[in-house]
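> sequence unknown, structure follows:
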């Protein structure tokens, strides 16, 4: 086995499939459906005194909410343009709409970020939006910033708690390319 160069950039493509994203979201899908079903069934039964109607309306509302919240998982996860580039400058990840640049010195920790269900590399990052990217993603990313209008225009913004998810690009990333780059540039981190 040869030692990696660590001077020439290395590009990795996403290894996450729509089945992986759906599997990760399955607990939330179930909770959403059950909550909508029970709430609608109880309220309808109380107001109209018809349990059968409450069950039907609850099932319909549960399906509608699940489709609204989780219906784009397949489309959002099978993009061939999701990639991560490791270079001496740092880590650059993009999905075609959002580009995140995290320099090696700005990586703070490897942990599970708040609101995430997988391990991420967390640190200071520069986020740049491709305003011509997926309109749903443009809107979602814009609303997560303090200055959405500035960000929508394509101007970069600073994110002190940026997160990159290496497991989206290598299944065994700690033993793979990403882990070796992290150990090379940031030997102080627990990789």
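Right, received. Where do you want to start? The model shown is predicted, which means the values in this text are computed figures rather than measured ones.

> lowest-pLDDT helix or strand in this protein?
None of the helices or strands of the chain scores lower by mean pLDDT, DSSP states H and E than helix 73-77, at a mean of 52.

> Please give me every residue in contact with residue 45.
51, 53, 54 (C-beta atoms under 8 Å, 6 or more residues apart in numbering). Where you see a C-beta, it was placed from the backbone N, CA and C, and this is true even at glycine.

> mind checking pLDDT for the nearest residue to the first one once chain neighbours are set aside?
Put plainly, it is residue 51. Leaving aside its chain neighbours, residue 51 sits nearest to residue 45 (4.9 Å; criterion: C-beta to C-beta, 6 or more residues apart in numbering). At residue 45, the model reports a pLDDT of 86.

> Residue 110 versus residue 45, what's the distance?
Using C-beta to C-beta, to the nearest Å, residue 45 is found at 49 Å from residue 110.

> repeat for residue 182
Residue 182 sits 8 Å away from residue 110, going by C-beta to C-beta.

> So which of the contacts of residue 45 sit within helices?
The helices, defined by DSSP state H, take in 51, 53, 54 from the contacts of residue 45.

> Looking at these, which is nearest residue 117?
Among those, residue 54 lies closest to residue 117 (C-beta to C-beta), at 32.3 Å.

> ok, the closest one - how many residues close by?
Residue 54 is flanked by 22 other residues according to other C-beta atoms under 10 Å.

> Who are the contact partners of it?
Taking C-beta under 8 Å, 6+ apart, one finds 40, 41, 42, 43, 44, 45, 48 in contact with residue 54.

> For the longest strand anywhere in the chain, which strands pair with it and how are they oriented?
In terms of residue count, the longest strand belonging to the chain (DSSP state E) is strand 120-129. Using DSSP bridges, strand 120-129 pairs in its sheet with strand 98-103 (antiparallel), strand 107-111 (antiparallel), strand 157-164 (antiparallel).

> Those strands: lowest mean pLDDT?
strand 157-164 (a mean of 88).

> and the next helix or strand after the least confident helix or strand of the chain, how far from the chain's centre?
Following helix 73-77 in sequence order, the next helix or strand is strand 83-87 (DSSP states H and E). Computed by C-alpha atoms, centre = their mean, to the nearest Å, the separation of strand 83-87 from the middle of its chain amounts to 16 Å.

> cool, stretch 156-163 as well?
That offset, for stretch 156-163, works out to 14 Å (C-alpha atoms, centre = their mean).
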